[in-house]
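Visitor: Provided below are the primary sequence and the corresponding predicted coordinates.
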Amino acid sequence: MTPPAADPGRTPRDGSDGSGGGAHEAGTRALLDAIVAGDPEQTVRFGDVFNGLGNRSFGMLLFVSTLPAFIPIPGVGGAISGPLVILVGLQLLIGLRRPWLPGFIARRGPHRSALAKFRNLLAPWLTRLERFVSPRLTALLDRRAASALTGLLVVLVGVLLSLPIPFTNFLFGALLLLFAFALLERDGKLMLIAWAAGAAAVVVFGILSGSLVQAVAEWIALAQSKLG
């Protein structure tokens, strides 16, 4: 996917605040418009969504990986989206510069029609969001420790998303979209908000409820049994 030109309806992203933002980068709306343009029945492969996006590629991959969380069928959205989100978070955690996907995942993805519906649903919110976001504190996003913290929180929220916790898919999905928007818009201030909200979600829904601790303990026991 080739990034589109800057959206004429918004202020150019010229990084004039000294934070290092890219020159005339397209906003999230313009990127989504470029992805959904074409045959509605054509599959948008996961392996293609981050082509040409440079340091914003993790944001777009996380955005697309989060979409199944909003499928209104209990247990389905989290089962699909959770592992994808965890895979993206792990790569941020270990410091990869570009996303990697196994072939069987890279060749799959949603139809353009599904992405178009979701784009239309988000359009009013994106319009409001783009009034407040801009490339700020981009050095915060690029630091190794910051990327690791983002990855860790994305992994933990992804684990919570994959667990059968009632009535939380939309909540965790919205939180993951916050991380995705911060990465896409290169907005360090928005990422600070995502960190705080992610940490709160992990504490409230994971640690206090015991769900996250139990899931991690089960995975460790499974790994030990496989290795032993």
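Guide: Arrived safely.

Visitor: hang on, Gln42 packs against Gly109?
Guide: No - at 9.9 Å, Gln42 and Gly109 do not qualify as touching, with contact defined as Cβ atoms under 8 Å. Bear in mind the C-beta positions are built from the backbone N, C-alpha and C, glycine included.

Visitor: ok, those two, which is more surrounded?
Guide: Set Gln42 next to Gly109 and count neighbours by other Cβ atoms under 10 Å: Gly109 wins out with 20 against 12.

Visitor: count of neighbours near Gly95?
Guide: The number of residues near Gly95, taken as other Cβ under 10 Å, comes to 11.

Visitor: hang on, isn't it packed against Thr150?
Guide: No - the criterion here is Cβ under 8 Å, and Gly95 misses it with Thr150 at 11.0 Å.

Visitor: can you give me the helices in this protein?
Guide: With DSSP state H as the definition, the chain shows helices at residue ranges 28-36, 57-66, 76-94, 103-106, 112-129, 138-142, 144-162, 169-185, 188-201, 211-227.

Visitor: would you mind giving the ones you listed as JSON lines with distance to Asn51, mean neighbour count and mean pLDDT added?
Guide: Listed next are the helices of the chain as JSON lines, based on distance: least, Cβ to Cβ, whole Å; neighbours: other Cβ atoms under 10 Å; pLDDT from 0 to 100:
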{"stretch": "helix 28-36", "distance to Asn51": "11", "mean neighbour count": "20", "mean pLDDT": "83"}
{"stretch": "helix 57-66", "distance to Asn51": "8", "mean neighbour count": "25", "mean pLDDT": "91"}
{"stretch": "helix 76-94", "distance to Asn51": "16", "mean neighbour count": "21", "mean pLDDT": "92"}
{"stretch": "helix 103-106", "distance to Asn51": "11", "mean neighbour count": "11", "mean pLDDT": "86"}
{"stretch": "helix 112-129", "distance to Asn51": "16", "mean neighbour count": "15", "mean pLDDT": "84"}
{"stretch": "helix 138-142", "distance to Asn51": "20", "mean neighbour count": "18", "mean pLDDT": "86"}
{"stretch": "helix 144-162", "distance to Asn51": "21", "mean neighbour count": "21", "mean pLDDT": "94"}
{"stretch": "helix 169-185", "distance to Asn51": "15", "mean neighbour count": "23", "mean pLDDT": "93"}
{"stretch": "helix 188-201", "distance to Asn51": "23", "mean neighbour count": "18", "mean pLDDT": "95"}
{"stretch": "helix 211-227", "distance to Asn51": "32", "mean neighbour count": "11", "mean pLDDT": "72"}
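
Visitor: make CSV out of the ones you listed and add distance to Asp48.
Guide: Below are those laid out as CSV (distance: least, Cβ to Cβ, whole Å):
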stretch, distance to Asp48
helix 28-36, 9
helix 57-66, 10
helix 76-94, 15
helix 103-106, 8
helix 112-129, 12
helix 138-142, 23
helix 144-162, 21
helix 169-185, 16
helix 188-201, 25
helix 211-227, 31
